[in-house]
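> what follows is a predicted protein model with its sequence.
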Amino acid sequence: MPFQRPEIVRPPSEANSYFLPLTAGCSNNACTFCGNYGAKLHIHEADEVKKEIDAVALYLSQNLAVTGVPRIVYAIASRWDGERVFLQDSDALVYPYADLVGIMEHLRNKLPSVKRVAAYATTQDILRLSAAELRRLRELNLGILYLGLESGDNAVLQHICKGVTAAQEIEAAQRAKAAGILTSVTVILGLGGKAGSKQHALETAKVLSAMDPDYVGALTLTLVPGTPLYDEGKKGEFQMLTPFESLGELLVMIKNSHFTHCFFSSMHASNYVSVRANLPEDKDEIVRQLSDFTKKGDPALLRPEFLRGL
């Protein structure tokens, strides 16, 4: 079956990157909250990936298009600044290591203007690689990995079938950092439901502190039709937080996290309030602002539902 190019799903900070698909789907397709639940992993053959790199290089250097190359390749390349590449899809680091190295070497040779390569990565992906392998990827411009922590609470991780423990999440982040790769970690507000809210927030703060990432992005849980967690919500077995309860979790996470230096944001469209803070420098001010929001409980302070999304 021919490889089907995935839709572009990327971190906000990769908006201006070239999107180079290595995979489609996710190897850990059992997470009960995720839109990739049940989706099979598909691998884009290394030779085909290299052909796309060649096509982009030819287009940028001579403004020539190659027959048979998808039009989306040129649409992306035409507005690309040439400096950043994001490896698709949601699990690119699962790619066979030798082939991944070959692709990144080819990318460096053909497009020497590229300064940073980025990818989503699962904890399992990182722990599968040795320290030397991670360092080699860093030498080839792998500059940042986006990790989905989701929760630091082992009970929540087990409930959502994440397939890893909090200790493994910490180890993965520390391995990446030791290799000189920046880490950007995602957490999901409300993932413990009403019953597990306090423990989810406190344990997540504890694990974030141990991971000590360069960036943290907070999202607010949205139940996705077709996922087990959505079904639990419909049956009343899982209770969603109110907007201000969700803000309360964000406050607890920031208040109880301790970072060397981290940019913490809740800019994603799923969130009710946008936060941008350098921690620990801005911690007291952000805690004060969030405390004021939660005490006031004024819906006018929140992003309207029609503006929220995945």
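Done, it's in.

> can you give me the strands in this protein?
Assigned by DSSP state E, the chain shows strands spanning 18-21, 23-24, 42-43, 84-88, 116-121, 142-150, 182-189, 215-220, 262-265, 276-279.

> using a markdown table, lay out those strands together with mean pLDDT, mean neighbour count and distance to residue 199.
C-beta: built from backbone N, CA, C; applies to glycine. Shown next, in a markdown table, are the strands of the chain (pLDDT from 0 to 100; neighbours: other C-beta atoms under 10 Å; distance: least, C-beta to C-beta, whole Å):
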| stretch | mean pLDDT | mean neighbour count | distance to residue 199 |
| --- | --- | --- | --- |
| strand 18-21 | 96 | 22 | 37 |
| strand 23-24 | 92 | 22 | 34 |
| strand 42-43 | 92 | 16 | 37 |
| strand 84-88 | 96 | 24 | 34 |
| strand 116-121 | 96 | 24 | 26 |
| strand 142-150 | 97 | 23 | 14 |
| strand 182-189 | 97 | 23 | 14 |
| strand 215-220 | 95 | 22 | 17 |
| strand 262-265 | 96 | 21 | 21 |
| strand 276-279 | 96 | 16 | 22 |
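
> quickly note the distance from the most centrally placed residue in the chain to residue 214.
Nearest to the geometric centre of the chain sits residue 146, at 4.2 Å (C-alpha atoms, centre = their mean). From residue 146 across to residue 214, the span is 11 Å (C-beta to C-beta, to the nearest Å).

> hang on, the residue nearest to the centre of the chain packs against residue 181?
No - using C-beta atoms under 8 Å, residue 146 is not in contact with residue 181; the gap is 10.9 Å.

> just to revisit the earlier point, where do the contact lists of residue 146 and residue 214 overlap?
Here residue 146 and residue 214 have residue 184 as joint contacts, going by C-beta atoms under 8 Å, 6 or more residues apart in numbering.

> just the terminal-to-terminal distance for stretch 215-233.
Terminal residues of stretch 215-233 are spaced 30 Å apart (C-alpha to C-alpha, to the nearest Å).

> whoops, I mixed them up, stretch 16-24
Start-to-end span of stretch 16-24 (C-alpha to C-alpha) is 20 Å.

> what's it in contact with?
Here stretch 16-24 makes contact (C-beta under 8 Å, 6+ apart) with 3-6, 8, 10, 41-44, 49, 52-53, 56, 76-77, 79-82, 84-92, 94-95, 100, 103, 107, 118.

> tell me who's in contact with residue 186.
Counting by C-beta under 8 Å, 6+ apart, residue 186 has contacts 146-150, 216-219.

> turn the strands of the chain into CSV, including distance to residue 206.
Below are those laid out as CSV (distance: least, C-beta to C-beta, whole Å):
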stretch, distance to residue 206
strand 18-21, 34
strand 23-24, 32
strand 42-43, 36
strand 84-88, 30
strand 116-121, 22
strand 142-150, 11
strand 182-189, 12
strand 215-220, 13
strand 262-265, 15
strand 276-279, 15
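
> specify the stretch among those strands that is closest to residue 157.
Taking C-beta to C-beta, strand 142-150 is the member of the strands of the chain nearest to residue 157, at 7.2 Å.

> now find how far off-centre the closest one is within its chain.
Relative to its chain's centre, strand 142-150 lies at 6 Å (C-alpha atoms, centre = their mean, to the nearest Å).

> which neighbours does it have in its sheet, and in what orientation?
Paired neighbours of strand 142-150 in the sheet (DSSP bridges): strand 116-121 (parallel), strand 182-189 (parallel).

> so for residue 25, which of those strands sits nearest?
That would be strand 116-121 among the strands paired with strand 142-150, by C-beta to C-beta, at 11.6 Å.

> I would like the residues contacting that closest one, please.
The contact list for strand 116-121 (C-beta under 8 Å, 6+ apart) reads 11, 14, 17, 83-87, 89-93, 104, 107, 140-148, 172, 176.

> at 6 Å instead, please
Residues from elsewhere that reach strand 116-121 (C-beta atoms under 6 Å, 6 or more residues apart in numbering): 14, 84-87, 90, 92-93, 141-146.

> stretch 40-60 too?
3, 21-25, 27, 64, 66, 69, 74, 77, 99, 103, 106-107, 110-111.

> off-centre distance for that stretch?
In terms of C-alpha atoms, centre = their mean, the centre of stretch 40-60 is found 22 Å from the chain centre.
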